[in-house]
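A.B. asks: build me a model from this:
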Amino acid sequence: MSQRTLVLLKPDAVKRGLVGNILARYEAKGLSIVALEQRVIDAALSDRHYADHVDKDFYPPLRDFVTSGPLVAVVFEGDEAIAVVRELNGATDGRKAVPGSIRGDLSLSNRENLVHGSDSEESAAREIALWFPGLA
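C.D. replies: Take a look at the predicted model:
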C-alpha cells in the first residue's frame, strides 16, 4: 500500500553534513521524494508539530534543539512508507538503535537523534498538512 510520510532531518543532521547520506538511505529503500525544503523553524511551529509532547518534561530542550538551526523537511512516498521510515530511523535513543539504522550508525545521543518520522497514518496526514499545506 502506497503511503506518504513526513521526515525531518533535524539540525544535527544538517550541521554534521549528513543530509545526502540520510536521504540516500530512504531512496535506496524505494521511497520517492514528493517534497523537500530546508528551513529554520520557530517555537510556534515546533509546538504545533510536537503538540502531543508540549507538556512533557523533555519537550523544552527538544524545542530549543529543533529551533536551533536549519532542518530539512521531506515528504516521502512508497509502499508502507511509514513503517519503512521508522525501521530505517531506528530506536529514538541513538545509543540503543541497532547498527544499520540511521540512528544506530550516525546518532550520538538521545535528544539529538538526527531524524523524525511520522508514527501513524493520522500523524503523517497531520504533519504533512502542517509542513507542506499545498500537498494536503
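A.B. asks: going forward, measure contacts between C-alpha atoms and count neighbours the same way
C.D. replies: Noted.
A.B. asks: give me the neighbour count for residue 89.
C.D. replies: Other residues lying near residue 89 total 28 when counted by other Cα atoms under 10 Å.
A.B. asks: OK, contacts around it?
C.D. replies: Counting by Cα atoms under 8 Å, 6 or more residues apart in numbering, residue 89 makes contact with 101-103, 115-117.
A.B. asks: and residue 24, how far is that from residue 58?
C.D. replies: Going from residue 24 to residue 58 by Cα to Cα, to the nearest Å gives 30 Å.
A.B. asks: the residue nearest in space to the middle of the chain in helix, strand or coil?
C.D. replies: Compute the mean C-alpha point of the chain, and by Cα atoms, centre = their mean the closest residue is residue 116, 2.3 Å away. Of the three states, residue 116 takes strand according to DSSP: H, G, I helix; E, B strand; the rest coil.
A.B. asks: what does stretch 1-8 contact?
C.D. replies: Contact with stretch 1-8 is made by 71-82, 85, 115-118, 121, 124-125, 127-128, as judged by Cα under 8 Å, 6+ apart.
A.B. asks: closest one of the contacts of residue 89 to residue 15?
C.D. replies: Ranked by distance to residue 15 (Cα to Cα), the contacts of residue 89 are led by residue 115 at 12.7 Å.
A.B. asks: now do the contacts for the residue lying closest to that closest one once chain neighbours are set aside.
C.D. replies: Computed as Cα to Cα, 6 or more residues apart in numbering, the closest residue to residue 115 that is not its neighbour in sequence is residue 9, at 4.7 Å. Shown in contact with residue 9 (Cα under 8 Å, 6+ apart): 19, 71-74, 114-116.
A.B. asks: what do you get for residue 82?
C.D. replies: By Cα under 8 Å, 6+ apart, the contact set of residue 82 is 3-5, 117-121, 124.
A.B. asks: so which of the contacts of stretch 1-8 sit within helices?
C.D. replies: 81-82, 85, 121, 124-125, 127-128 (DSSP state H).
A.B. asks: of the contacts of residue 82 - the most surrounded one?
C.D. replies: Greatest neighbour count in those, by other Cα under 10 Å, goes to residue 5: 29 neighbours.
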